[in-house]
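>>> have a look; sequence and predicted model below, questions after that.
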8 protein chains.
Amino acid sequence: MTVDVGIIMGSQSDWPTMKEAALVLDQLGVSYETKIVSAHRTPDRLWAYGRAAAGRVQVIIAGAGGAAHLPGMMASKTRVPVIGVPVQTKALSGVDSLYSIVQMPKGYPVATMAIGAAGAANAGLLAAGILALQDAGLAARLDAWRAALSDSIPEEPKDE
Amino acid sequence: MTVDVGIIMGSQSDWPTMKEAALVLDQLGVSYETKIVSAHRTPDRLWAYGRAAAGRVQVIIAGAGGAAHLPGMMASKTRVPVIGVPVQTKALSGVDSLYSIVQMPKGYPVATMAIGAAGAANAGLLAAGILALQDAGLAARLDAWRAALSDSIPEEPKDE
Amino acid sequence: MTVDVGIIMGSQSDWPTMKEAALVLDQLGVSYETKIVSAHRTPDRLWAYGRAAAGRVQVIIAGAGGAAHLPGMMASKTRVPVIGVPVQTKALSGVDSLYSIVQMPKGYPVATMAIGAAGAANAGLLAAGILALQDAGLAARLDAWRAALSDSIPEEPKDE
Amino acid sequence: MTVDVGIIMGSQSDWPTMKEAALVLDQLGVSYETKIVSAHRTPDRLWAYGRAAAGRVQVIIAGAGGAAHLPGMMASKTRVPVIGVPVQTKALSGVDSLYSIVQMPKGYPVATMAIGAAGAANAGLLAAGILALQDAGLAARLDAWRAALSDSIPEEPKDE
Amino acid sequence: MTVDVGIIMGSQSDWPTMKEAALVLDQLGVSYETKIVSAHRTPDRLWAYGRAAAGRVQVIIAGAGGAAHLPGMMASKTRVPVIGVPVQTKALSGVDSLYSIVQMPKGYPVATMAIGAAGAANAGLLAAGILALQDAGLAARLDAWRAALSDSIPEEPKDE
Amino acid sequence: MTVDVGIIMGSQSDWPTMKEAALVLDQLGVSYETKIVSAHRTPDRLWAYGRAAAGRVQVIIAGAGGAAHLPGMMASKTRVPVIGVPVQTKALSGVDSLYSIVQMPKGYPVATMAIGAAGAANAGLLAAGILALQDAGLAARLDAWRAALSDSIPEEPKDE
Amino acid sequence: MTVDVGIIMGSQSDWPTMKEAALVLDQLGVSYETKIVSAHRTPDRLWAYGRAAAGRVQVIIAGAGGAAHLPGMMASKTRVPVIGVPVQTKALSGVDSLYSIVQMPKGYPVATMAIGAAGAANAGLLAAGILALQDAGLAARLDAWRAALSDSIPEEPKDE
Amino acid sequence: MTVDVGIIMGSQSDWPTMKEAALVLDQLGVSYETKIVSAHRTPDRLWAYGRAAAGRVQVIIAGAGGAAHLPGMMASKTRVPVIGVPVQTKALSGVDSLYSIVQMPKGYPVATMAIGAAGAANAGLLAAGILALQDAGLAARLDAWRAALSDSIPEEPKDE
């Protein structure tokens, strides 16, 4: 099967965060798959996914928390663009996840997003922006999505 | 003029960092332009660049330090993928740059790289990886670049 | 319409924090308007607000969270004093907001307040202090407000 | 003697940072005085300065490092707007100065600037922006200063 | 009136933390007074307290949060030993309080305790330890308090 | 031998910092001894020093860096007041030292000073302030030391 | 009595975290004892435990929070491998515990684990990994434990 | 070839840090090999090393900086104890390395050492401590090494 985007995450507990990426892709009509690929618990699954990625998916979105090695290790296994989402953690609030994902050495970029749900949604939007470079219809849908977001902003704040 | 990648930065002082991105693009045969676009000192230049970006460049690499608003503001003006490079700063070592770039709200992703020169080089590589999705020749050159990096690693460390 | 103070914020979710500024201005008899001006979602609104600010408002209070670009971008568009309020965030508690607002480059000051509600109230007080330089009546009301705060402090703590 | 701006600092060692504020005021034709007022070593000097401030100066710029109490204590003694400059420190790089200055409780705002020299220059500019509200000539000079800064930005970065 | 220890704090909201100090002094039979002395809201009260401290109290315990200037300002007004307790804060968890209290310049020590309730209790114990240098009865009671704490530790942990 | 103050430190490399404490005690005419007592390398020396402290010294000043266990372990062995000086470290600038010293549990206070040389000097001053409670001559010398420091502050900063 | 692993902790309040280590050892059939050994409240118990450790236990797991001196002090008293678990704290989330445990000087390693429950479980696994070097049965059980963990990971995330 | 300890590191630039581990092993008569195994640049080398580790080496020491994935990925591939050394980095001083190494999820412990050279030396000592559990001669040499370190500490600090 070929899909546009592979959404992978280190564990089931990352899904409440990462489904924000899936929701955005649904809204934009981008196909995707969702997989649990744990860098530490299923390293061979990570290897297999990385080796087969080029040609199978166009963009990979990888979410992980703590010593978050999944996005960076995936970036080492494939030239397919990898977008990393730092999942918020209990003790360090996701600063550990952020540093583990963003501070990659020369050679292996991970396109790092904000910590948590906003970052996951933005991972979906960045994936769409990348795919839109070769898909005028998607570009138009993305422009519309952005315009709708802008139009949704009221002029003044309201008491709730 | 149309180029593949626009490398923009907040000031001349960011260039020693950002030219690492240019060097990588040179090695990979990707065309680019380099511009100083200061979010605060030349906001209208930022506006104009952002408005004209779609169709003119495929990817934007934006480097900035401190209250680094350039990458995020550019992302708000265009759907073209924006890669952000946090430039190291004197007092806060670039943590201020990193937080200002990566913590974007839902709607406007910035593909954030590591702080400093490694991040700039990786910005060039990520741009290449995005462009390679529609350019088999570039994909092959990127694969070769990555293979050469791997092959350059000696088996054992040496005293210097 | 001309008012003394423009209170602007990045989103509706900043209002529970920012209304502390409005409350203080109400107590001091300073006129103000409240607007949602998102740096990323409504950049053209930001531009228009900034261009028209001088002569229309005397002071701008701008609150934002995360990659908080609103105060700094507003400071780049107008010489009117801009007071920035870092709104508390979920993962990083507002340190991201604080760094994004306070670490401005030479040329574009943002008068940064404490993170959260205390900072918003103080933004109102600072705006009043600025306006009081040319309004003796307001100066007297501000002195009275400060004296009342001092007088409200009991001599000894009490069990509750 | 009456001057527009009082530049005060905790010690002689803050002067290399704080003279950036003086330089900007010189360029803009704003009168000022420079004083060493140590919150801890000369508390009575601080008291005297604060008590006499209203009517004598229009704006106070206060720089300090470490447990930087000067700006906040000055703000508690006068309704005159106080701009705080966190001076960079050896061990904590000025994060200690920043937190000690910016995290003021409700009632006593300090308009906090960036850590170090950029913050000091911006303190001068913010003081000018406040004074420009009642001085059209200064407003024009400030606009010109800002325009000159913008115009000084080259289109492209250069190797040095 | 003369007491051994003056427990002062910036506001009523610090009392739930600071009463841990009072509890320990009660247990050890040390006399004390409790006062609200806000550095910013009641600076003249701070001045008066500091000026009269020597001879009137032997040790001062001062608790404050955020830009916590009370302990350091008190230390600048009197040679009486000042023990500082950083009160936990909402956004920055008391790191702001800690840095504002501990990073004092040469000349004005504040004996800084841990953030929050443990720090307040320890402030009481340190005050007692200081007073015990000239009070053999108190020294014996402090030794007994410490021995009782040690004796209260069970050999093994238990499920609860 | 009996001295007023015991200055102990974890290693020879702490001495350039800790001699600031000795210098202050020299100026104030307070007797002291200096010892290397490493919590980890000479734990039995630590034990012996702690057991014999009460009656032999009045105050202990303990400096250490990194996982700085010396001040806290000394506080667990004696009721004599322990003043802790966090020595600056290479990687973490002394934040590790600070947290290891200041975050003591209930029962064992360490009077924590600023990181580095200022903290060491202040440790000497706090020791003097404690001893001055029972020594009117020392109280007068400490008052004079403080007055001289205040008097040394010039009215205005000077270019150097 | 001789057991394979000594699980020690600073207080009863660490047990909910530390029992994760005990659970893992139960699953792997490794014998252990659990003791409360407070570095500060029961220093002599620490001394006695450390002196008797070699020959009595093979590995020590030590958990503590705040100024967490237990693991490092134990490492100074015995050559038996010490595994440290930073317990999460209220104000600083366990960063204080982590720095106090991990930043040991040359000579006295503490094998530091992640903050909190995951770290405690991993302490049990590392102890087992060390013991498995001389126990083929345990090695096989550890391999099986790891394989079972890997096998428990589903292919795809599920809504809950 | 079989050696006791495998010292691996992410790049040649880690060697000046990591040779501290080798030096300690030399002093203790423990055999070792040194390899460059980059998690990102030579992931297959990492895989191969991890798969063959059990039976070939008894302990692995892994040093890496930044997004330091080598120790954690190695821990996921083998039950052999892995000791991680966070190498100091330019922008974030090794806090990024530390968080990436220590914050491992349940199942895959990395015995994390201090940042930099002290951590590397301690990695050698911990490896020796583990091996000493089954080698009485090594245990004696380790005891002697520790005793010599203790004996080297002078009683008093000296001016240099």
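Done, it's in.

>>> tell me the residues on chain A that lie near chain C, please.
A:88, A:93-95, A:114-116, A:118, A:149-150, A:153-160 (CB under 8 Å from any CB of the partner chain). In this view, the C-beta of every residue, glycine as well, is placed from N, C-alpha and C.

>>> for the closest residue to chain D within chain A, what are its contacts?
The nearest approach of chain A to chain D comes at residue A:95, 14.9 Å away (CB to the nearest CB). The contact partners of residue A:95, by CB atoms under 8 Å, 6 or more residues apart in numbering or on different chains, come to A:115, C:91-92, H:99.

>>> how about the residue nearest the centre of chain A, phi and psi?
Central residue of chain A (CA atoms, centre = their mean): residue A:61, 3.1 Å from the mean position. Main-chain torsions, residue A:61, degrees, to the nearest 10: phi -110, psi 120.

>>> re the thing from before, drop anything exposed from the residues of chain A next to chain C.
A:88, A:93-95, A:114-116, A:118, A:149-150, A:157 (16 or more other CB atoms under 10 Å in any protein chain shown).

>>> pLDDT and distance to chain D added to the contacts of residue A:95, as a markdown table?
Putting those into a markdown table (pLDDT from 0 to 100; distance: CB to the nearest CB, whole Å) gives the following:
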| residue | pLDDT | distance to chain D |
| --- | --- | --- |
| A:115 | 98 | 20 |
| C:91 | 95 | 19 |
| C:92 | 96 | 14 |
| H:99 | 98 | 18 |
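
>>> what is the nearest of these to chain F?
residue H:99 (12.4 Å).

>>> the closest one is in contact with residue A:99, isn't it?
Yes: Residue H:99 is within contact range of residue A:99, at 5.0 Å (criterion: CB atoms under 8 Å).

>>> what is in contact with the two at once?
With CB under 8 Å, 6+ apart, residue H:99 and residue A:99 have no common neighbours.

>>> and for residue A:29, the neighbour number?
12 (other CB atoms under 10 Å in any protein chain shown).

>>> do you know how far it is from residue A:142?
10 Å (CB to CB, to the nearest Å).

>>> all the strands of chain A, in order from the start?
A:5-9, A:32-36, A:59-65, A:82-87, A:111-112 (DSSP state E).

>>> read off the pLDDT value for residue A:55.
On the pLDDT scale, residue A:55 is placed at 89.

>>> what are the phi and psi values for it?
According to degrees, to the nearest 10, residue A:55 has phi 100, psi -30.

>>> distance of the residue of chain A closest to chain D from residue G:122?
20 Å.

>>> how about residue A:34?
Where residue G:122 is concerned, residue A:34 sits at a distance of 28 Å (CB to CB).

>>> more neighbours: which of these two?
residue G:122 (30 against 20).

>>> what residues are up against the spatially closest residue to that one that is not a sequence neighbour?
Beyond its immediate neighbours in the sequence, the residue positioned closest to residue G:122 (CB to CB, 6 or more residues apart in numbering or on different chains) is residue H:109, lying 3.6 Å away. Applying CB under 8 Å, 6+ apart, we find residue H:109 in contact with G:113, G:122-123, G:125-126, G:129, H:75, H:82.

>>> for residue A:124, which non-adjacent residue is closest in space?
Per CB to CB, 6+ apart, closest to residue A:124 is residue A:24, 3.2 Å.
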